[in-house]
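Asks: Need a 3D model of the following:
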Amino acid sequence: MIESLPAPPIHQELSKSRPVPHWWWGLKRVTDIAVALTALIVTLPISIVAAVAIVLVSPGSPLFLQTRVGRDGRMFRMLKFRTMDAGAHLLHDDMRPLNEVDGPVLKIRNDPRLHALGAILRRTSIDELPNFVNVLLGVMSVVGPRPPLPSEVEHYDARALRRLTVKPGVTCLWQINGRSTVSFDRWMELDNLYIDTWTPLDDLKIIIGTIPAVVRGNGAH
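Replies: Purely as a prediction, here's the structure:
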């Protein structure tokens, strides 16, 4: 199941977000549905090929459900194409010595847990295409801070916790500004900038800017 899960009590105080015109939220939701449906339909052949290829190189389901933290600290199961061998997520803590970035996140350029197609799926962002299902379900938006793992949120300070005042997104300012090549502090800066300044027009600019960013693949690992 992919529906949202109960919010941890520690994050209940995060229910308020920046006040914006009410119709902005309505337009954002309409944009979410339109973009998600279009993306899922247009990329369906790519998704089918990716799913079959994953099964061929790594036994198990081509899809992977991972618990992430969304708006107001509410946890949900995010849908992705599997880029690692089955069960590799259980080795998350064991990979800490190989971490190549700062902060509470874990990013490894040549992660030994990846299956034969894992690096390609990540570099092309094909692994994130199923995220659009979460958008249709309403637990994610097309544009918003990328959803963190619960283990990452445990180490958040007040500035980082602000990411949880809006829905997480498929793409964001961080996604089009270098991704894993930027520091954790800069990442939080970009997310807070989005929270403080976003408009429906800015969302469209980020969506359009995501296309060349995906093609370049800079920082995608």
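
Asks: from here on, contacts and neighbour counts on C-alpha atoms
Replies: Noted.

Asks: surely residue 160 meets residue 188?
Replies: Yes. Between residue 160 and residue 188 there is a contact under Cα atoms under 8 Å: 6.0 Å.

Asks: Would you mind listing the residues in contact with residue 133?
Replies: Applying Cα atoms under 8 Å, 6 or more residues apart in numbering to residue 133 gives the contacts 36, 79.

Asks: which intervals of this structure have sub-threshold pLDDT?
Replies: 1-17, 219-221 (pLDDT under 70).

Asks: Do you have the helices of it handy? List them.
Replies: Per DSSP state H, the chain carries helices over the ranges 22-42, 44-57, 118-123, 131-137, 150-153, 158-161, 184-197, 200-216.

Asks: Any chance of those helices in TSV with distance to residue 92 as columns?
Replies: Converted to TSV, the helices of the chain look like this (distance: least, Cα to Cα, whole Å):
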stretch	distance to residue 92
helix 22-42	29
helix 44-57	21
helix 118-123	16
helix 131-137	21
helix 150-153	10
helix 158-161	21
helix 184-197	19
helix 200-216	25
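
Asks: Compare those helices and give me the one nearest residue 177.
Replies: helix 200-216 (7.9 Å; Cα to Cα).

Asks: quick one on the thing from earlier: with respect to residue 97, which of the helices of the chain lies nearest?
Replies: Comparing the helices of the chain by Cα to Cα, helix 150-153 comes nearest, at 15.9 Å.

Asks: Other residues contacting the closest one?
Replies: 67-69, 75, 104-105, 161.

Asks: Rebuild those residues as CSV, extending it with distance to residue 194 and neighbour count.
Replies: Compiled in CSV, those are given as follows (distance: Cα to Cα, whole Å; neighbours: other Cα atoms under 10 Å):
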residue, distance to residue 194, neighbour count
67, 24, 17
68, 20, 23
69, 18, 28
75, 21, 22
104, 21, 17
105, 20, 17
161, 14, 18
